[in-house]
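Participant: Have a look; sequence and predicted model below, questions after that.
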Amino acid sequence: MVPLNIVALLLTIAAFGTAWKLRPTSRIPLGLSLIFIFACTITYPIYFAGANAEFLTRAIALPQIGNAIHTWATWHWLRTGLAIAALTFASWGLLVSPKNQEDRTIGDLKLVD
């Protein structure tokens, strides 16, 4: 999951950086998207790297497996919720209308009809 999260994080950084200059109306939603995808991405080193290694190496005692799976599932749903929030805010940032006609173009490329 980390490589895909890193790609999503880098793309969100690029979108936020582009919007900062070219689409000021998208700054807030893309900034929120960046915060959520960053939080989603750091769940891997905070929890999943160690938990996945414990499952892989069978380091968890048999009586503890149920609790370990429950904890993993809770973290997974947290990560899923963060990713959905990031996607929602990124979509909002792309759909928000520019305030004026100048924001609708990049050079000769027209962004919005």
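Facilitator: All right, it came through fine.

Participant: what's the weakest-modelled helix or strand in this structure?
Facilitator: strand 105-106 (a mean of 56; mean pLDDT, DSSP states H and E).

Participant: Mind jotting down where the helices sit in the chain?
Facilitator: 2-22, 27-43, 49-56, 65-95 (DSSP state H).

Participant: Show the backbone phi and psi for R23.
Facilitator: Dihedral angles phi and psi of R23 (degrees, to the nearest 10) take the values phi -140, psi 80.

Participant: How about R58?
Facilitator: phi 60, psi 40.

Participant: Give me the number of neighbouring residues for it.
Facilitator: 9 (other CB atoms under 10 Å). For every residue, glycine as well, the C-beta is placed using N, CA and C.

Participant: ok, now H76?
Facilitator: Neighbours around H76, by other CB under 10 Å: 15.

Participant: Quick check: the gap between it and K21.
Facilitator: Per CB to CB, to the nearest Å, H76 is found 36 Å from K21.

Participant: For the spatially most central residue of the chain, give me its contacts.
Facilitator: Nearest residue to the geometric centre of the chain (CA atoms, centre = their mean): I37, 2.1 Å. Going by CB atoms under 8 Å, 6 or more residues apart in numbering, I37 touches 5, 8-9, 12, 82-83, 86, 90.
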